[in-house]
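**Q** Give me a model of this one.
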Amino acid sequence: METTPDLPSYDEAARLLHEAGITTGASEAHGIITGVLSAPRGAGVAWQELVLGRKGTKNSDVPEALTQLLAAMHRSTYAHLSGVECDFAPLLPGDDYSLAEQIEGLTDWCRGYLFGLHAGGVTESAQLPGDAGEVVRDITRLSEAELDGALADEEEARALTEIVEYLRVGVQLVFEELQPPAARH
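**A** Okay, here's the model as predicted:
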């Protein structure tokens, strides 16, 4: 039985993107990749250019370690989205980061996801089949999230955990709605 490849770590992705001078953060990069993979016309999208923020980027312009990391992120994300385990998870800063950094990672991931979906042909969430439109509208609202100073850190952390779980399930649903088994790339 083949195992699903692991997603590269947030820290490794953040470091390699930063060292290469790429302004896209690790969470946003994973969001872009996930959005493109979920989109109906995502197979035709130059997702590397979207992540790197450089149109027409040649592989020789990108450090080999970053190229390998992005390819591994793409493979792993696709495997998790299309696998039977339903074990997809967004790449976000872990508990060793402040709550503010975790929420910033979440909003970055959501913005990247929406960007990737749009690049892959999803221009109107209202026209998406099933519950996918509602999930994408919710992700749009999450992309604008900020810390709520009225909530205690513990409440915010619990809310963040619930939102991440919603994203996990919601993104899986969008993928399944937009990428029926026969259409998967």
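**Q** after the helix or strand hosting Leu114 comes which helix or strand?
**A** Assigned by DSSP states H and E, Leu114 belongs to helix 99-119. Per DSSP H and E, the first helix or strand lying C-terminal to helix 99-119 is helix 132-142.
**Q** Could you identify the helix or strand that succeeds that following helix?
**A** Where DSSP H and E defines the elements, the next helix or strand beyond helix 132-142 is helix 153-178.
**Q** Buried residues in that following helix, which are they?
**A** In terms of neighbour count (16 or more other C-beta atoms under 10 Å), helix 153-178 has its buried residues at 156, 160, 163, 167-168, 170-178. For every residue, glycine as well, the C-beta is placed using N, CA and C.
**Q** What is the nearest of these to Arg41?
**A** Nearest to Arg41 out of the buried residues of helix 153-178 is Leu178 (C-beta to C-beta; 9.7 Å).
**Q** Might one say that the closest one is in contact with Pro40?
**A** Yes - at 5.3 Å, Leu178 counts as touching Pro40 under the criterion of C-beta atoms under 8 Å.
**Q** what do those two both touch?
**A** When C-beta atoms under 8 Å, 6 or more residues apart in numbering defines a contact, the residues bordering Leu178 and Pro40 alike are Val122.
**Q** Under the pLDDT cut-off, which ranges of the protein? List them.
**A** Applying pLDDT under 70 to the chain picks out residues 1-4, 54-60, 147-152, 182-185.
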